[in-house]
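> how does the following fold in three dimensions:
(chains A and B)
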Amino acid sequence: MPAAFFTAAAQPAPQEPTGFFTDATLCIGCKACEVACKQWNQLPADGYEWRGTSYDNTHALSAATWRHVAFAERPCDGGGRSAPAALAPPPAESAIGTELGAPIRWLMVSDVCKHCRQAPCEEACPTGALIYNEFGNVYVQQDICNGCGYCVSACPFGVLDRAESDGRVHKCTLCYDRQKDGLEPACAKACPTDSIQFGPLSQLRARARQRLEQVRARGEDQAYLYGAEPAGEYSSLGAFFLLTDAPEAYNLPAAPRRPRAHLPRNYAWTALTAVAMAAVAGWAFAASFGREAAAPRRPAEAENEVA
Amino acid sequence: MPGLGTSFGRGAATTSQRDLQHSDCVLIMGSNMAEAHPVGFRFPLMARERGATLIHVDPHFSRTSALCDRYVPIRAGTDIAFLGGVIRYVLENDLWFQEYVRHYTNAGTIIDKNFTDTEDGDGLFDGFRPRQHQYESGAKAWNYASEPAAPPTETPPEIGAESWSEKLAAIDNADPKHDDTLQHPRCVFQILRRHFSRYTPEMVASICGCPPEAVAQVAEALARNSGRERTSAIVYAVGWTQHTIGVQIIRAAGILQLLLGNIGRPGGGIMAMRGHASIQGSTDIPTLYNLLPGYIPQPATARQHETLARYLRQEHVANGVWSSFPKYAVSLLKAWYGAAASPENDFGFAWVPKIDDNYSQLPYAYKMAQGQVRGYLIFGQNPAGGNPNARLARAGLRQLDWLVLMDWFETETASYWYKDPDGADPKKIATEIFFIPAAMAAEKDGSFTNTSRLVQWHDKAADPPGDARSDAWFVYQLGLRLKEVYRDSERPRDQGLRHLTWDYGEDAERILPDGTPSRIAGEPDAEKILREINGYRVADGRQVAGYHELQDDGSTACGCWIYSGIFPEKDNNRARSRRRTPGNPAEPEWAWSWPANTRILYNRASADPDGRPWSERKKYVWWDAATRRWTGLDHPDFPPDRDPAYRPGKRSHQMEAIGGNSPFILKPDGKGWLFAPSGTRDGPLPTHYEPVESPVKNRLYAVQSDPATHLYRHKLNRYAKPADPKYPIVATTFRLTEHYLSGAMSRHNSWLSELQPEMFIEMSPLLAEEKGVANGDWITVWNARAAIEARALVTPRIQPLRVDGRIVHQIGIPFHWGYAGQVVGAVANDLTSLLTDPNVSMHEAKAFTCNLRRGRHARVARPPRPNAPQPWPEWQPMPQTPPAAQPEGAALRERRR
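Numbers count the residues shown, from 1 in each chain, chains lettered A, B, ... in the order given. So this is what the prediction gives:
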């Protein structure tokens, strides 16, 4: 038997970390990213269910849907895209503004696996199926995944999902195969307005900061970057966003939780609880022992004693 | 597109999608560009990123509205009222580009003293014949003063025969009477001012339902971004064309852009977004009944077209590019009939069929419904779901003797005989149907002519599967077989077919990109066809370099004169070129654009009357005094050595009639037409008429809707009366990104179907409350023609409007569903009506009336709903005919030996 059989293949040399910068101000909600992703990765359709939630019939990321365009119809507060400074918004007394229907803005953004720089799924995976590949992307090794689903509950974004067909977890690979061939991921390639941009994270972050300034300068004061920097207990994201409304409007958590960050405290609490419980148990035992010890003697003995 | 042709000369978008990135303001109206043309929409977005203002005026708040800086809701079908308001605002506030208007438009031209405007005719121009529901064809006074009236023809306008002499030759004088001060009461400028004086912001608001200040805001934004330093563009699509007044809406946009000086300049123009891939190509080399390639009019029985000489004489145009019409026509005949075409036999002119009736799609759908059509040959079209009044179309299909379809999937049209929920018993349908599996674009060679007249070549990547064949293969083989059938015929009418040049066979075995030989034999060589389209010298077969080399003596052959120059040498297919030209935003080496590789039409207007660029910022094409030639970033759309100071005399003709300050070289006077003395059949100026079905009366005139509209009486095609209380709701149809047209291509694809899996109708929360409908409920929508059911999508994006003091509700109906495919739903076009506008036989699917209630439609038979997506790729079981049994089987066997 050749020796190579027993030797693991050489680790690929680490590359500069890559990721996505998704700019919501350029998204036209065309869903080309969703279709390009399914085509490149040959993922099946998820089902024909009309939801009546704006134009969002995808609803969520799943084992077979790795890109999801979110739609939000939000009341217009006067500073939004549909009424910028270039043209004054209609006066409040106009029929359109008040009596018959409020002006609204329609927000769209393409959601995807965040490829967290410190990924809860990777931290939760007991088999080592979830790894950071040489591009720093979070990747599920299908031959190792045992379908335990710990990562599913660990992900604060609801990205990971177990497929019913094979019981394993599937998610965005950031087109690992395309990257290895020097191609950009299918979704970024298909995006007609460059709302989805792919590249080395350091460059993307610089570009995003520049873009944020530009968007703010033209009057969208509420624009901000989501996930470009670490925030609270959470690491920065390998797929971050430029948004113009609250994260919740786009179905993103305002403060994502990383279970591992709570681990020392949880362990401490567990230990403390264990100690406390042991103490309680010990006390209970001791108390019951003590009670036994302090139990009144049998009358006979007493009698004997007396006798 | 006579709306553009009448205003500027060519029936094509004046600019390209790419060039929209250089605009300072883009008005998108009658187009849902972000959804219907998402890739092209990147260019307006690029303009926005450079500081441009994007404005969307539309009845329906779409993804396009969401991306624009400003959205103005209007009632469907009131676009002329809105644009009229903007035009009035521009005129009254002196926001027009004076130097441009004075030199490049017919603003100063004096109009015939007998001309009556709608102002004086209460909604009618002079020359209307009420009994015939049409305007007189020749004797009208819609003409320049001092010009003779156009010769009247016998062709009834409803036949729709095209005639350049009728469109243009009314003006023979290159220097018509004019007043450069624009003060003469009968000059175009003053007529324009009077004509639009009624369109005050308040009036516009009460017609359109938009806020009155919206008119001023849009006008100010456009005017602020027009002039020497800046340019604005207007983008439209079928949201403008699919009206009885569609041509006139586009005319209104043309007037506005001429007044603002935006035509022929970078970042300016009117961008006509087409409804279908290569639709521009199919009007250039037309699938239309009334035009031959290159917009040459099809001979008609009712005109004096008995001989070539009479045809050429009657269609002759004295001035401008069309003055060479005989060269284009004779070269076309020479391309078709080859050696058989000689001066002795009129170059085979007698073999060209002459039209005697309106064979446009909608009139013959009506004839079909009356049982007057026997057979139907369809390539990639789906009338059973896509025609206006699709129920009527299906009633027609049921009466055919035979039907041949080429398509990728079994569409509504292919399966109407057994799947149509309100169809007849299949046993009672006698139609014999042949379904021919068609190849997809990547499985065949050919070209796409996109909306910017850009012809881009594509090569076949792989053979189509099974029995599927390209359309070209089918037509070529059909032609070969027909020629064989008629080979020995002596009948005069068969001689055209006998003498047709049909020599497009491949010379060598076709090798696919993967290195293997193609399995398919008998495919025509598409580049041979393009070479013929370009044109060649008959004597030595050498390619011509452009249409200026064509002759009318039979020494040149050319399949389509406007495409001449696309294949200037034997091995130089310029549609293949993909060379970038850094530093030149026009990208002239990326494919080829007709005419003569011009990217922006009428680009002489990008320079001032003296030939200098209007500004450094908007520099494009200019007069080089040193070389005495026009030069610049693009091919100059102008006689290359015409001095800006040159002025024609009264007796100048042909190209000599084009002055150095006349950028519109297809017009006999070289000017942009604010007032159209000819070319439209319903008036020289756009006038607001209500749609045929409207919830309100016309507030501007006594005339309710376009008086020259043609209606079709049929029990399946009833119309609602104006302001009919039974149908108070305005409906408009629209497109989603996720599906394509009637869904024939997208609803068979599970990845697209899951994105929009069900037919729905958009309505406002206020209407939903009024009707007791909750989001997601089933609703039934009905009108005088049909009832359909759909799910209700209640959304604040749809806003009720206050029209004429009362609330008018609008609903938006996507038209992508039908009974065939993976996801099924009601056919929206069952609700739309069959009628034709006076100019282009267009229907009015974008504005009609209806009513709705909560609940499902009780009587409809529902197609079975597939509940689980099928695995992709999902193909219909393909008949695997053994190669030997296929038509080219013999050739294959031959090759193996």
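> residues contacting B:Lys650?
B:Asn173, B:Ala174, B:Asp175 (CB atoms under 8 Å, 6 or more residues apart in numbering or on different chains). (Glycine included, C-beta is placed from N, CA and C.)
> now do the nearest residue to the second one once chain neighbours are set aside: how many residues are near it, please.
In space, not counting the residues next to it along the chain, B:Ala174 is nearest to B:Ala657; the distance is 3.4 Å by CB to CB, 6 or more residues apart in numbering or on different chains. Look at B:Ala657: counted by other CB atoms under 10 Å in any protein chain shown, it has 26 neighbours.
> so how far is chain A from B:Ala657?
44 Å (CB to the nearest CB, to the nearest Å).
> ok, that residue touching B:Val317?
No: counting by CB atoms under 8 Å, B:Ala657 does not reach B:Val317; the two are 10.2 Å apart.
> now for these two: what residues contact both?
Joint contacts of B:Ala657 and B:Val317 (CB under 8 Å, 6+ apart) are B:Ser323, B:Pro668.
> and the closest residue to chain A within the stretch 201-350 of chain B, what are its phi and psi?
Of all residues in the stretch 201-350 of chain B, B:Pro211 sits closest to chain A, at 4.2 Å by CB to the nearest CB. The phi/psi pair for B:Pro211 (degrees, to the nearest 10) reads phi -60, psi 140.
> per-residue confidence at whichever residue of the stretch 51-200 of chain B sits closest to chain A?
Of all residues in the stretch 51-200 of chain B, B:Ala66 sits closest to chain A, at 3.7 Å by CB to the nearest CB. pLDDT for B:Ala66: 92.
> now the helices for the stretch 151-300 of chain B?
B:164-168, B:188-195, B:201-208, B:212-224, B:238-241, B:246-259, B:279-284 (DSSP state H, counting those that start in this stretch).
> try chain A
Counting by DSSP state H, one finds helices in chain A at the ranges A:32-41, A:120-124, A:150-154, A:176-180, A:186-190, A:201-217, A:263-293, A:299-306.
> helices and strands around the third one, which ones?
Pointing back at helix A:150-154 there. Other elements packing on helix A:150-154 under the criterion 3 or more CB pairs under 8 Å, 6 or more residues apart in numbering or on different chains; DSSP states H and E are helix A:120-124.
> now the helix it packs on: how far from the chain's centre is it?
Centre-to-centre, helix A:120-124 and its host chain are 11 Å apart (CA atoms, centre = their mean, to the nearest Å).
> now stretch B:122-134
Centroid separation between stretch B:122-134 and its chain, computed with CA atoms, centre = their mean, is 26 Å.
> average model confidence for it?
88.
> from what I see, A:Gly29 and A:Leu107 are in contact.
No: applying CB under 8 Å, one finds A:Gly29 not in contact with A:Leu107, separated by 9.0 Å.
> spit out the residues that contact the two alike.
Common neighbours of A:Gly29 and A:Leu107 (criterion: CB under 8 Å, 6+ apart): A:Phe71, B:Ala66.
> so how many other residues sit close to the nearest residue to A:Met108 once chain neighbours are set aside?
Excluding the flanking residues, the one nearest A:Met108 by CB to CB, 6+ apart is A:Gly29, at 3.7 Å. Residues near A:Gly29, counting by other CB under 10 Å, number 26.
> what's the answer for B:His60, then?
Neighbourhood size, B:His60 [other CB under 10 Å]: 24.
> isn't it right up against B:Leu801?
No: counting by CB under 8 Å, B:His60 does not reach B:Leu801; the two are 11.9 Å apart.
> show me what contacts whichever residue of the stretch 301-450 of chain B sits closest to chain A?
Closest residue of the stretch 301-450 of chain B to chain A, CB to the nearest CB: B:Ala442 (13.6 Å). Counting by CB under 8 Å, 6+ apart, B:Ala442 touches B:His458, B:Lys460, B:Ala461, B:Ala462.
> just the buried ones from those residues?
Buried members of these, counted by 16 or more other CB atoms under 10 Å in any protein chain shown: B:Lys460.
> now, the most widely separated pair of the contacts of B:Ala442?
Spatially, the most separated pair among the contacts of B:Ala442 is B:His458 and B:Ala462, at 12.6 Å (CB to CB).
> can you list the domain ranges for the chain.
Using chain A. For chain A, automatic domain parsing gives the domain ranges A:11-257, A:262-306.
> you looked at the wrong chain, it should be chain B
Chain B is divided into the following domains under automatic domain parsing: B:2-279, B:710-854.
> which among those is found nearest to B:Arg394?
Across those, closest to B:Arg394 is domain B:710-854 (CB to CB), at 8.8 Å.
> first-to-last residue distance for the closest one?
Start to finish, the residues bounding domain B:710-854 are 34 Å apart (CA to CA, to the nearest Å).
> and for stretch B:446-456?
Taking CA to CA, stretch B:446-456 runs 8 Å from one end to the other.
> pLDDT weak spots in the chain?
I'll assume chain A. Chain A contains residues with pLDDT under 70 at A:1-8, A:76-102, A:290-307.
> oops, I was thinking of chain B
Low-confidence segments of chain B, defined by pLDDT under 70: B:1, B:138-140, B:147-171, B:859-897.
> can we see that at 50?
Where chain B drops to pLDDT under 50, the residues are B:871-890, B:892-893, B:896-897.
> what's the separation between B:Trp614 and B:Asp112?
To B:Asp112, B:Trp614 is 33 Å away according to CB to CB, to the nearest Å.
> show me what whichever strand or helix holds the residue of the stretch 51-200 of chain B closest to chain A is packed up against.
Assessed by DSSP states H and E, B:Ala66 sits inside helix B:63-67. The contact analysis (3+ CB pairs under 8 Å, 6+ apart) places helix B:63-67 against strand A:104-112, helix B:33-36, strand B:53-58.
> right, is the following helix or strand past it up against chain A?
Downstream of helix B:63-67, the first helix or strand assigned by DSSP H and E is strand B:70-73. Yes: using CB under 8 Å from any CB of the partner chain, strand B:70-73 reaches chain A at B:Arg70, B:Tyr71, B:Pro73.
> what pairs with the first one across the strands?
So that's B:Arg70. B:Ile55 (DSSP bridges).
> if I pick the residue of the stretch 151-300 of chain A found nearest chain B, what's in contact with it?
Nearest to chain B, among the residues of the stretch 151-300 of chain A, is A:Pro192, at 4.4 Å (CB to the nearest CB). Counting by CB under 8 Å, 6+ apart, A:Pro192 makes contact with A:Ile28, A:Cys30, A:Ala32, B:Pro38, B:Val39, B:Phe41, B:Arg42.
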